[in-house]
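Trainee: I would like to see how this sequence folds:
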Amino acid sequence: MTSSDSKRNGRVTLKHVAEAVGVSLATVSYALNNGGSVGRETRDRVIAMAEQLGYQPNLSAKAMRTGRTGALGMVLPDLTNPFFPLLAQTVIHAGRAEGYSVFLTDTQGSKEAESQSIDALIQRGVDGIVWFPINDAPDSQPNLQGVPAVVLDRNIEGFDSVCADYATGGAAAAKYLIDAGHRRIGILAGPGDVSSSRIRTDAARAYVEAHAHLAWQLEAAYSADLDQEIVHALTRGNATAIVAGSDLIAIGAIQALQRADKRVPEDVSVVGFDNIAWGEWCVPGLTTIDMPVTEIGVEAVALLLRRIRAPDEPRRRVVFDVALVERMSVLPPTRTQAARRASSAAR
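Mentor: Below you'll find the model as predicted:
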């Protein structure tokens with residue numbers, strides 16, 4: 001049978017491949033699924049013929065036989081944040097390497113959309129879900145109905161999880177500024193309903209209060225668009241350095257400072273958190289805490305496949321180290337800053 005013959009007859013099946021190679025259906029099935037006692041030469045001939053004929057496995061039939069679809073779901077809160085496309089790409093590639101397709105959904109920061117997205121993935125029979133929740137509020141979590149899931153960045157009871165060492169990162173950002181000579185530091189935290197945000201903020205604040213002075217602390221969404229209250233705090237001049245809860249927040253802070261004719265880092269230094277590509281491209285380049293996104297995505301898939309294959313195994317929480325990335329957004333406080341602070345205090 002030729003490829004054109006098979007197309008005229010509709011979908012290419014295992015039977016077509018078996019007839020073309022001159023072997024049994026069982027041999028073809030074993031060869032394509034890497035099972036049974038099939039010689040290497042026969043296996044190679046079967047695989048080559050399947051490719052030549054354009055054979056595609058019937059996933060519905062496979063699901064009926066095995067109880068699995070070969071598909072994973074991934075639920076993310078905001079694909080406009082450049083942190084998430086890289087994470088999604090990593091999970092898709094890691095899943096593909098293990099023979100899985102990955103269906104991706106963006107909940108746009110909506111708890112209702114998050115719940116609907118998870119329900120839709122379950123209805124479509126995914127074998128498991130990589131889930132980056134909008135927050136970790138216990139009274140607003142969707143029901144995964146027993147489907148294996150791995151949670152990213154959040155600490156939600158009952159799930160395998162993968163995260164970074166946020167406490168070390170928050171303290172490292174504050175320490176870097178203090179070691180540079182800054183003594184009046186503002187903290188521009190991420191959302192308070194997210195545990196990873198609270199952890200990095202609490203660690204930064206504790207370090208600042210132990211070694212310098214906390215000028216102010218405010219909370220922002222994970223966005224470069226900052227409220228006027230935040231812009232006022234940034235530009236009024238009583239903090240020489242800012243610890244930001246994410247790179248997007250830090251970039252928004254730099255833009256707000258520059259619009260107010262404040263120089264970064266000469267007038268105000270800024271440290272971010274995440275190490276997204278935008279931080280390297282902005283002017284000045286953003287000093288930040290690196291989140292090992294690729295490692296987190298790969299580990300998430302590995303944990304999820306382990307959970308699928310061994311549902312009764314103990315839960316695991318994997319924590320990755322973080323590292324400070326030095327660029328150009330931090331300098332020691334200048335004499336001009338000191339004079340301005342003294343003048344402001346006198347008034």
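
Trainee: how about the helices in the stretch 51-200 of the chain?
Mentor: 59-66, 83-97, 111-123, 166-179, 195-211 (DSSP state H, counting those that start in this stretch).

Trainee: what about the residue nearest to L331 when sequence neighbours are not counted, how many residues nearby?
Mentor: The shortest distance from L331 to any non-neighbouring residue, by CB to CB, 6 or more residues apart in numbering, is to P265 (4.1 Å). All C-beta spots, glycine's among them, are computed from the backbone N, C-alpha and C. The number of residues packed around P265, counting by other CB atoms under 10 Å, is 23.

Trainee: if I pick P265, what's in contact with it?
Mentor: P284, M328, S329, V330, L331 (CB atoms under 8 Å, 6 or more residues apart in numbering).

Trainee: give me the pLDDT value at it.
Mentor: On pLDDT, P265 comes in at 96.

Trainee: and it, how far is that from L177?
Mentor: From P265 across to L177, the span is 10 Å (CB to CB, to the nearest Å).

Trainee: check the contact lists of those two and give me the overlap.
Mentor: Common neighbours of P265 and L177 (CB under 8 Å, 6+ apart) are V330.

Trainee: was I right about G272 contacting P284?
Mentor: No: G272 is beyond contact range of P284, at 11.7 Å (criterion: CB atoms under 8 Å).

Trainee: and the residue nearest to N155 when sequence neighbours are not counted, what is it in contact with?
Mentor: Nearest in space to N155, with sequence neighbours left out and distances taken as CB to CB, 6+ apart, is S195 at 5.0 Å. The contact partners of S195, taken as CB under 8 Å, 6+ apart, are D136, R154, N155.

Trainee: quick one: the residue found closest to the second one once you drop the neighbours it is linked to in the chain from T168, how far?
Mentor: Think R154. Spatial nearest neighbour of R154, excluding adjacent residues (CB to CB, 6+ apart): D136 at 4.2 Å. Counting by CB to CB, the separation of D136 from T168 is 20 Å.

Trainee: and the gap between the residue nearest the centre of the chain and P77?
Mentor: Nearest to the mean C-alpha position of the chain, by CA atoms, centre = their mean, lies L87 at 4.3 Å. L87 sits at a distance of 11 Å from P77 (criterion: CB to CB).

Trainee: do the same with P142
Mentor: According to CB to CB, P142 and P77 sit 13 Å apart.

Trainee: shared neighbours of these two, anything?
Mentor: In contact with both P142 and P77: E114, using CB under 8 Å, 6+ apart.

Trainee: any low-confidence regions in this structure?
Mentor: For the chain, residues meeting the criterion pLDDT under 70 lie at 1-10, 34-36, 57-68, 138-140, 335-347.

Trainee: so the nearest residue to F273 once chain neighbours are set aside: helix, strand or coil?
Mentor: Take F273 and drop its neighbours on the chain: the residue closest to it by CB to CB, 6+ apart is I289, 4.6 Å away. Classification of I289 by DSSP: H, G, I helix; E, B strand; the rest coil places it in strand.

Trainee: show me what contacts the nearest residue to P133 once chain neighbours are set aside?
Mentor: Leaving aside its sequence neighbours, P133 sits nearest to R154 (CB to CB, 6+ apart; 4.9 Å). By CB under 8 Å, 6+ apart, the contact set of R154 is F132, P133, N135, D136, S161, C163, V194, S195, S196.

Trainee: now do A113
Mentor: By CB under 8 Å, 6+ apart, A113 lies in contact with T107.

Trainee: how near is it to A206?
Mentor: A113 sits 35 Å away from A206, going by CB to CB.

Trainee: ok, and the closest non-adjacent residue to T27?
Mentor: Per CB to CB, 6+ apart, closest to T27 is V38, 5.9 Å.

Trainee: count the residues that sit near that neighbour.
Mentor: By other CB under 10 Å, neighbour count at V38 equals 20.

Trainee: shouldn't it be within a helix?
Mentor: No: counting by three-state DSSP, V38 is not part of a helix but coil.

Trainee: touching, G169 and F273? I think so.
Mentor: Yes: contact status for G169 versus F273: in contact at 6.2 Å, counting by CB under 8 Å.

Trainee: the two: which has the busier surroundings?
Mentor: Neighbours per residue (other CB under 10 Å) separate G169 from F273, with F273 holding more: 32 against 25.
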